[in-house]
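Engineer: sequence plus predicted model, see below.
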Amino acid sequence: MDADPLSLDEVAVARKTVVKIRTPDDRSPPLAIRKLSKRYGNTIALHDVNLDVRPGEFITLLGPSGSGKTTLLMILAGFVRPDSGSVKVGEEEILVTPPHKRNVGMVFQNYALFPHMNVFENIAFPLRQRRFDRREIAERVHRVLEMVQLTGLAERRVDQLSGGQRQRVALARAIVFEPRILLMDEPLSALDKKLREQMQIEIRHLHERLGMTTVYVTHDQREAITMSDRIAVMNLGRIIQMDTPERLYVGPRTRFVAEFIGESNLLPIEVDEVGARFCGRILKSCEKPIKTSAKQWLVIRPEKLSLLDGNVDNSSLNVFDGTVTEIIYQGESFLCCVRLNDGNNLTIRNYSRGEMLARIPSVGQPVRLGLSPEDTTVVHEDQ
Ligand code: ADP
């Protein structure tokens, strides 16, 4: 399909016209998901999922492969029908609405662009489907091309674009008609690491400008932490915990979340009425762990541990004694693996600053590690 060419004058007028694009004060509606369930034969893809996305919020569904992320996104898009539950956008129940009438923008991992069309026509496609007039199509396409930094490439065929440029076209096509909700399924996973990290920041900035209620799917916890207002951690068809990236990192509630988000050391602990004990010693902690029948673990982030100097008073810290088994240099930081005297292992991460580098212990050296009470987090085993 060829573009219906505009005259130069028309393009000039179009580019000067102020195009209505959502501002953060004009946010898209909230999304309310209630008791959503989906089975495939004996497989439970989603089990009683509840999720509230606030107007203009950027939510990420994060979980391992098979945890139900894509199923949830496809239900929102209208491509999969749930067995039960409800999905409301604002006041409207959308499960009864066919996909093309839901006013939802989608970006997929494989771009799903039309290879025989140029960039302009790919982005114009949803506008033509919605019968926008050609001046508004030109205005909007040029405006989003600018937003995704593809100005000047309107006439280029998509098979002549790089991976990053194609993903920008896919993004432009998803937002050009100002959908109420934007859905993205692993949109960056085909890109190399550097470009992926750059696009994460760009999508985040674009979201800040547009204020579109967004649901993003990834299995990459770093990507989720970088981009999201809140993250819903999923496993086996359920949302295990939902919170801001900071609070999930600092306060995971279960072992699964602690292990899935960030690096962690886990030490088995006993919890009684007095507090949490490791090797019989009461752990100093800001929050008193609650005794439950479930097994509990102490979560220690490697960068929260410090190598202690034996001559300094460490009485306010939790201390762990052991012997260095390995040092792994990683450029900006180094990992120090320690076998504790009780046989458990801990890994510490220290940043490669001058004074730290000078203090790297050697393999076989006895060391004492310190952990402050505010970094002492207890989680329970997953049900
Ligand atoms: P994720 O996106 O987290 O990898 P999915 O939502 O794709 O997870 O899948 C959730 C579960 O449902 C998995 O066990 C998967 O094998 C199953 N599943 C998904 N789609 C289908 C399908 N069309 N037919 C049968 N099983 C499916």
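Structural biologist: Looks like it came in fine.

Engineer: for the chain, what helix or strand is lowest in average pLDDT?
Structural biologist: Sorting the helices and strands of the chain by mean pLDDT, DSSP states H and E puts helix 8-16 at the bottom, at a mean of 44.

Engineer: what's the next secondary structure element after it?
Structural biologist: strand 31-40 (DSSP states H and E).

Engineer: what mean pLDDT does whichever helix or strand comes after that following strand have?
Structural biologist: Per DSSP H and E, the first helix or strand lying C-terminal to strand 31-40 is strand 43-53. For strand 43-53, mean pLDDT is 97.

Engineer: ditto for stretch 218-231
Structural biologist: Computed over stretch 218-231, the average pLDDT equals 96.

Engineer: now the end-to-end length of it.
Structural biologist: Its start and end residues considered, stretch 218-231 measures 10 Å (CA to CA, to the nearest Å).

Engineer: all strands for the stretch 101-250 of the chain, in order.
Structural biologist: 104-107, 181-185, 213-218, 230-235, 238-243 (DSSP state E, counting those that start in this stretch).

Engineer: deepest-packed of the ones you listed, please.
Structural biologist: strand 213-218 (a mean of 26; mean count of other CB atoms under 10 Å). For every residue, glycine as well, the C-beta is placed using N, CA and C.

Engineer: is the ligand contacted by it?
Structural biologist: No. If you take CB under 6 Å from any ligand atom as the test, strand 213-218 misses the ligand, and the best it gets is 6.6 Å.

Engineer: and that strand, how far from the chain's centre?
Structural biologist: Distance of strand 213-218 from the chain centroid (CA atoms, centre = their mean, to the nearest Å) equals 8 Å.

Engineer: now do it: everything it contacts.
Structural biologist: Strand 213-218 is contacted from outside by 27-31, 53-62, 69-70, 72-73, 76, 180-189, 207, 224, 227-228, using CB atoms under 8 Å, 6 or more residues apart in numbering.

Engineer: same for the ligand: which of these are within range?
Structural biologist: 69, 70.

Engineer: for PyMOL, write the selection for the buried entries among the contacts of strand 213-218.
Structural biologist: Selection of the buried residues among those in PyMOL, burial being defined by 16 or more other CB atoms under 10 Å:
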select buried, resi 27+28+29+30+31+53+56+57+58+59+60+61+62+69+70+72+73+76+180+181+182+183+184+185+186+187+188+207+224+227+228
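
Engineer: if I look at residue 231, how far off is the ligand?
Structural biologist: 14 Å (CB to the nearest ligand atom, to the nearest Å).

Engineer: just list the residues touching that residue, thanks.
Structural biologist: So residue 231 contacts 59, 60, 62, 224, 225, 242, 243, 244, 245, 248, 261 (CB under 8 Å, 6+ apart).
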